[in-house]
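A.B. asks: Curious how this folds, go ahead:
(one chain, ligands or ions: 2)
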Amino acid sequence: MFEYLTAGESHGPRLTAIIKSLPAGLKVEVEAVNEQLFRRQQGYGRGGRMKIESDQVIINSGLRHKETLGTPLSMTIENKDWQNWVEVMAPDKEAEADMEALTNPRPGHADLPGALKYNHRDLRNVLERASARETAARTAVGAVARQFLNQFDINIYSHVIQIGNLKSETWTDIKAKDPERFKRESDIKEYFDELDKTELRCGDTARTEAMKHLIDSWRANGDSVGGVFEIVVTGLPVGLGSHVHWDLKLESKLAAQLMGIQAIKGVEIGAGFKGAGLPGSKAHDEIFYNLDRGFYRKSNQAGGIEGGISNGEELIIRLAMKPIPTLAKPLHSADIISKKETTAAKERSDVCAVPAASIVGEAVTASVLASSTAEKFGGDSMQEIKRNYDSYLEQLRKF
Ligand SMILES: Cc1cc2nc3c(=O)[nH]c(=O)nc-3n(C[C@H](O)[C@H](O)[C@H](O)COP(=O)(O)O)c2cc1C
Ligand SMILES: C=C(O[C@@H]1CC(C(=O)O)=C[C@@H](OP(=O)(O)O)[C@H]1O)C(=O)O
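C.D. replies: Ligands and ions are numbered 1, 2, ... in the order given. Got it, this is the predicted structure:
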């Protein structure tokens, strides 16, 4: 369940997403999808395109009176910028004779490998689909998945923890400073909701100013900047994913799909790379039991997954985003037609898109977790899935 497909070019008429299968009887609010689309468009460092677009979803099938029918749910998002590209991107008209091809590939973008692989002589034929414009469609899919997860009190949050070489606190650091502060889900929600009001989605105000300054100075130099964001999931039950096959492991599904986000080059679960340097006695989370909580941990180095199975603790994922490839001061390149030395194509571009990517990360995480939840609890309708979920919780209580 929750398998999906997206289609659409960055400057074509619109993006399309189809969720192939999802349970019947799931309440979907279109406004909640638009809210996620809005969040993805924010963030300090974005370029001119975001001033043109104001993403809104249209649901074309699969929903009746705000409830899923269990049939394919298809959604579209218009590209407002299409108006400026009608001739260049015309699906059903021959190219105009004077239309210039783009022939100077950008290092770091899909331009050159894509052109060589697909035998294209115009790099636009590659970049239009490689573009992260596509992540708007994935965000819409994730917004539906989120509404499913909310039915089981599973919540997904994210924050930016590094821009360039400037780091701020991780979720584990933040909680360690004031362990009483985040006892209730509403406290966690409030903390992350506040971040949405800030331009970098980073909780450290002093660091945010320094990060903004860094983005400004790299922009002024015609450069770009990457960073790291962290995703936190609360409310996951024990038992999503499985240890029995490599491709069923929850972290292998998450890593594969999260690495599918444009410009994401690293993924860490829990202590991740830092954990590799710790002694075993500090790297693992000791097991405790009491009647109220059942089995629980006092630390979360595992980041919520052991043996490919969610262990009931918070899921913590960190993702590294490389700097944006399009540079105002372009890098060296070679023309794909003349083979002569040139500089890379210089287009309007984002300078930093880490805050936006963090929203895409939340969305992709939501679709993986919705799929794993639906798989674990089975059923064609929400009623059936909830019944199975409740009886599983009862089984855990009696364990
Ligand atoms: C939200 C978001 C916005 C992006 N904006 C740009 C951009 O404006 N210019 C650009 O060259 N790359 C941008 N990228 C990155 C490219 O899409 C990406 O580097 C490219 O498709 C090559 O894929 P790869 O980096 O995964 O190898 C963006 C990525 C994300 C996630
Ligand atoms: C359109 C979006 O991101 C785009 C991703 C992108 C790229 O090369 O990945 C290049 C830019 O597009 P343009 O060339 O039209 O300015 C970004 O704005 C979006 O996030 O909705």
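A.B. asks: Number of residues surrounding whatever residue of the stretch 101-250 of the chain ends up closest to ligand 1?
C.D. replies: Of the stretch 101-250 of the chain, the residue with the smallest distance to ligand 1, taken as C-beta to the nearest ligand atom, is Ala132 at 3.3 Å. Placement of C-beta: from N, CA and C, glycine included. Ala132 has 18 neighbouring residues, counting by other C-beta atoms under 10 Å.
A.B. asks: now do Thr6
C.D. replies: Under the criterion other C-beta under 10 Å, the count of neighbours that Thr6 has is 18.
A.B. asks: Please enumerate the helices of the stretch 201-350 of the chain.
C.D. replies: If DSSP state H, counting those that start in this stretch is used as the criterion, the helices of the stretch 201-350 of the chain fall at 205-220, 250-258, 272-275, 280-283.
A.B. asks: Apologies, that question was intended for the stretch 1-150 of the chain.
C.D. replies: According to DSSP H, counting those that start in this stretch, the helices that the stretch 1-150 of the chain contains are 30-41, 49-52, 111-118, 124-130, 135-150.
A.B. asks: Okay, buried residues for the shortest one please.
C.D. replies: Same thing as helix 49-52. Within helix 49-52, the residues that count as buried by 16 or more other C-beta atoms under 10 Å are Arg49, Met50.
A.B. asks: does that helix come close to ligand 2?
C.D. replies: Yes: using C-beta under 6 Å from any ligand atom, helix 49-52 reaches ligand 2 at Arg49.
A.B. asks: Please identify the most buried of the helices of the stretch 201-350 of the chain.
C.D. replies: Comparing the helices of the stretch 201-350 of the chain by mean neighbour count (mean count of other C-beta atoms under 10 Å), helix 250-258 ranks first with a mean of 19.
A.B. asks: what helices or strands is it leaning on?
C.D. replies: Contacting helix 250-258 under the criterion 3 or more C-beta pairs under 8 Å, 6 or more residues apart in numbering; DSSP states H and E are the following elements: strand 264-269, strand 315-321, helix 354-377.
A.B. asks: Compute the inter-axis angle for the shortest one and helix 354-377.
C.D. replies: Spelled out, that is strand 264-269. Between the axes of strand 264-269 and helix 354-377, defined by axes from the mean of the first three to the mean of the last three C-alpha atoms, to 10 degrees, the angle is 50 degrees.
A.B. asks: need the strands for the stretch 151-300 of the chain, in chain order.
C.D. replies: Remark: strands assigned in the stretch 151-300 of the chain by DSSP state E, counting those that start in this stretch are 155-163, 166-167, 227-234, 264-269, 287-290, 294-297.
A.B. asks: Arg124 is in contact with Leu102, correct?
C.D. replies: Yes: because the distance of 5.0 Å satisfies C-beta atoms under 8 Å, Leu102 is recorded as touching Arg124.
A.B. asks: between those two, what contacts are shared?
C.D. replies: When contacts are counted by C-beta atoms under 8 Å, 6 or more residues apart in numbering, Leu102 and Arg124 are jointly contacted by no residue.
A.B. asks: wait, isn't Tyr4 in contact with Ala17?
C.D. replies: Yes: the pair Tyr4 / Ala17 is scored as a contact, 6.0 Å apart, by C-beta under 8 Å.
A.B. asks: Now the common contact residues for these two.
C.D. replies: Counting by C-beta under 8 Å, 6+ apart, the residues touching both Tyr4 and Ala17 are Val141.
A.B. asks: who touches Ala7 in this structure?
C.D. replies: When the contact criterion is C-beta under 8 Å, 6+ apart, the partners of Ala7 are Leu15, Thr16, Ala17, Ala137.
A.B. asks: Ile337 now?
C.D. replies: Ile337 sits next to Ala101, Thr103, Arg121 when contact means C-beta under 8 Å, 6+ apart.
A.B. asks: Quickly note the distance from the second one to ligand 2.
C.D. replies: Put plainly, it is Thr103. 17 Å (C-beta to the nearest ligand atom, to the nearest Å).
A.B. asks: Give me the number of neighbouring residues for that residue.
C.D. replies: When neighbours are counted by other C-beta under 10 Å, Thr103 comes out with 20.
A.B. asks: Distance of Glu185 relative to Lys282?
C.D. replies: Going from Glu185 to Lys282 by C-beta to C-beta, to the nearest Å gives 28 Å.
A.B. asks: Up against ligand 2, what does the protein have?
C.D. replies: By the criterion of C-beta under 6 Å from any ligand atom, the positions of the chain lying close to ligand 2 are 10, 47, 49, 53, 131-133, 135-136, 262, 347-350.
A.B. asks: residues in the protein within reach of ligand 1, list them.
C.D. replies: Checking the chain against ligand 1 by C-beta under 6 Å from any ligand atom, the hits are 47, 108-110, 130-132, 135, 261-263, 322, 324-326, 349-350, 353, 356-357, 360.
A.B. asks: mind checking pLDDT for the closest residue to Lys265 other than its chain neighbours?
C.D. replies: In this structure, Lys265 finds its nearest non-sequential neighbour in Lys322, 4.9 Å apart by C-beta to C-beta, 6 or more residues apart in numbering. pLDDT, the model's per-residue confidence, is 98 for Lys322.
A.B. asks: Any idea how many residues pack against Lys322?
C.D. replies: Neighbour count for Lys322, taken as other C-beta under 10 Å: 15.
A.B. asks: got a list of what it touches?
C.D. replies: Lys322 makes contact with Gly108, Gly226, Ala263, Ile264, Lys265, according to C-beta under 8 Å, 6+ apart.
A.B. asks: My read is that the second one contacts Pro325, right?
C.D. replies: Right, the one you point to is Gly226. No: taking contacts as C-beta under 8 Å, Gly226 lies outside contact range of Pro325: 10.3 Å.
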